[in-house]
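Novice: Fold the following and give me the result.
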Amino acid sequence: MRIFTIITVLLIFNVNLSAQILSERERADLRDEILADRFDHLLPQLMDNANIDMWLVISREYNEDPVMRTMLPAKWLNARRRTILVFIRNKANNSMEKLAIARYDVGKNITSAWDKEKQPDQWQRLVEVIEQYNPETIGINYSTYFNIADGIVKTDYEELVEALPAKFESRLVSAEQLAISWIETRTEKEMALYDQLVNITHGIIDEAFSTKVITPGTTTTDDVRWWMRQKITDLGLETWFHPIFDIQRAKAELKSEKEAFSKAKPDMVIQKGDLLHCDIGITYVMLNTDCQQHAYVLKDDETDVPEYLKDAFKTGNRVQDIMTGNFEKGKTGNKILLESLSQAKAEGLRPSIYTHPLGTYGHSAGTTIGMWDSQGGVPVNGDYPMQHNTVYAIELNNTVYVKEWQKDVRIMLEEAGFFGEDGFRYVVKRQEAIKAIK
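Specialist: Residues are numbered from 1 along each chain as shown. From the prediction side, this is the model:
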């Protein structure tokens, strides 16, 4: 199929990154192709699993439901006026209808079912469609704990309820499970694209961790942060958070996790002998990456990263192995967290795990495995069970005492990982050695 022709060229270091990125027109074609596949093949399964016969996704322009944002075609940058998407599933007949109570077709996937001249009242037209299909359950996007599944606003909810006959109002249910499943589930086409996206992210990091960007004694951490931000923009991509770039060094105290996670990073001049750390995430064709890696600036008398730092780095990989080894369909994030922390601590490690779902959004919906300030478990979100065909930012750290520096060093890692029917794998590959900057 054409999609694989477009996206199977892998990134090779020292090849111009921009050569690996599609034009806007090609991206639009790819986005619409992925959406068509999701609507036709994925959505019916998800609606069956959630036991929802009709799903209403309702938004007004510039105030879009997070779910609707992922359903709009490439040429629709926003909803138009009030857009009401109606998905009707008949499991017995294996039929799927995709309608819009809107003035326009929503791309090629969703057909307009409203002629304003015949029925001026948009809500009444929606009621007519509901009466025609007579669904037993009508899902709408509200959720107490999952923000991405809580997209219907107060005004739209109240007007919907006011318009509905009483018999249909009683059939309204939360579409929380369906919305989360739609957001978290990745298709084969999306995973082929994800390979390229992670490779591009790695390429940006490789260039940032080089003498092309860093001159010891001159370049500051803020210089590198803004270089990464500008590089992403110059490539025609977007970033979903401002890049992080920081330093650990022999004569500087290791900051607490609270300070490391909640405060702005100071601007520091990069010196030889520094252990560098970055955290960046890019957005491309509806998908996101989130990656943390380390590099070391060699001293004049060094030809490689010191062995004591190599050994420290290996402990981070070990915590990754422990946690991903506990992935299992149906197991909650809290269970994975507690099992992994217990196992790692039994091996003498000092881990912290805060892995989150990754995909259509950076901090996405799905199984949450810890937060940096919730190492005993995350209420509700951590109780969500892990599902197949989902992607996670495998994010964690391990603290190691380095006697050569007479202090603790924190190895902070993050990499996109996929969990499917064959188990866990990294989308491309993880960092397994500290990069050396000569």
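Novice: Could you break the chain into its assigned domains?
Specialist: With domains defined by automatic domain parsing, the chain comprises 2-182, 186-437.
Novice: Kindly reformat these as JSON lines containing mean neighbour count.
Specialist: Glycine gets a C-beta too; all of them are placed from N, C-alpha and C. Shown next, in JSON lines, are the domains of the chain (neighbours: other Cβ atoms under 10 Å):
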{"stretch": "domain 2-182", "mean neighbour count": "17"}
{"stretch": "domain 186-437", "mean neighbour count": "18"}
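Novice: lowest-confidence stretch among these?
Specialist: Sorting these by mean pLDDT places domain 2-182 lowest, at a mean of 89.
Novice: Mind giving me the packing neighbours of the helix or strand that contains residue 315?
Specialist: For residue 315, the host element (DSSP states H and E) is helix 307-324. With contacts taken as 3 or more Cβ pairs under 8 Å, 6 or more residues apart in numbering; DSSP states H and E, helix 307-324 sits against helix 333-346, strand 351-353, strand 390-402, strand 407-420.
Novice: Now tabulate the ones you listed in TSV and tack on distance to residue 291.
Specialist: Putting the helices and strands packed on helix 307-324 into TSV (distance: least, Cβ to Cβ, whole Å) gives the following:
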stretch	distance to residue 291
helix 333-346	20
strand 351-353	17
strand 390-402	8
strand 407-420	6
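Novice: Residue 248 is nearest to which of the ones you listed?
Specialist: Closest to residue 248 of those is strand 407-420 (Cβ to Cβ; 5.7 Å).
Novice: Could you give the separation of the closest one from the chain centroid?
Specialist: In this view, strand 407-420 has its centroid 15 Å away from the chain centroid, taken as Cα atoms, centre = their mean, to the nearest Å.
Novice: between it and helix 307-324, how big is the angle?
Specialist: Going by axes from the mean of the first three to the mean of the last three Cα atoms, to 10 degrees, strand 407-420 is angled at 40 degrees with respect to helix 307-324.
Novice: how big is the angle separating strand 407-420 from strand 390-402?
Specialist: Going by the same axes, to 10 degrees, strand 407-420 is angled at 160 degrees with respect to strand 390-402.
Novice: so what does whatever helix or strand comes next after strand 407-420 touch, helix or strand wise?
Specialist: Counting by DSSP H and E, the next helix or strand C-terminal to strand 407-420 is strand 423-426. Judged by 3+ Cβ pairs under 8 Å, 6+ apart, strand 423-426 is in contact with strand 407-420.
Novice: Show me what the strand it packs on is packed against.
Specialist: Using 3+ Cβ pairs under 8 Å, 6+ apart: strand 407-420 touches helix 188-208, strand 275-280, strand 291-297, helix 307-324, strand 390-402, strand 423-426.
Novice: could I get those as TSV with distance to residue 136?
Specialist: Below are those laid out as TSV (distance: least, Cβ to Cβ, whole Å):
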stretch	distance to residue 136
helix 188-208	31
strand 275-280	46
strand 291-297	44
helix 307-324	40
strand 390-402	28
strand 423-426	37
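Novice: out of these, nearest to residue 140?
Specialist: strand 390-402 (23.8 Å).
Novice: got the angle for the closest one vs helix 333-346?
Specialist: 20 degrees.
Novice: need the contact list for the nearest residue to residue 39 once chain neighbours are set aside.
Specialist: Using Cβ to Cβ, 6 or more residues apart in numbering and skipping the chain neighbours, the partner closest in space to residue 39 is residue 109 (5.0 Å). Residue 109 makes contact with 32, 35-36, 39, 73, 98, according to Cβ atoms under 8 Å, 6 or more residues apart in numbering.
Novice: And residue 109, how far from residue 74?
Specialist: For residue 109, the distance to residue 74 equals 11 Å [Cβ to Cβ, to the nearest Å].
Novice: which residues are in contact with both of these two?
Specialist: In terms of Cβ under 8 Å, 6+ apart, residue 109 and residue 74 are both contacted by the residues residue 32.
Novice: then stretch 164-182 to PDB, C-alphas only?
Specialist: Written as PDB, here are the backbone C-alpha positions of stretch 164-182 (Å, rounded to 0.1, in the frame of the first residue of the first chain):
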ATOM      1  CA  LEU A 164     -33.600  15.100  23.800                       C
ATOM      2  CA  PRO A 165     -36.900  13.300  24.500                       C
ATOM      3  CA  ALA A 166     -36.900  11.800  28.000                       C
ATOM      4  CA  LYS A 167     -36.600   8.200  26.700                       C
ATOM      5  CA  PHE A 168     -33.300   9.100  25.000                       C
ATOM      6  CA  GLU A 169     -32.000  11.200  27.900                       C
ATOM      7  CA  SER A 170     -32.100   8.200  30.100                       C
ATOM      8  CA  ARG A 171     -29.900   6.300  27.600                       C
ATOM      9  CA  LEU A 172     -27.000   8.800  27.800                       C
ATOM     10  CA  VAL A 173     -23.900   7.200  29.300                       C
ATOM     11  CA  SER A 174     -20.200   8.200  29.700                       C
ATOM     12  CA  ALA A 175     -18.100   7.300  26.700                       C
ATOM     13  CA  GLU A 176     -15.000   7.300  28.900                       C
ATOM     14  CA  GLN A 177     -13.900   3.800  28.000                       C
ATOM     15  CA  LEU A 178     -14.500   4.300  24.300                       C
ATOM     16  CA  ALA A 179     -12.800   7.700  24.200                       C
ATOM     17  CA  ILE A 180      -9.700   6.300  26.000                       C
ATOM     18  CA  SER A 181      -9.600   3.300  23.700                       C
ATOM     19  CA  TRP A 182      -9.800   5.500  20.600                       C
END
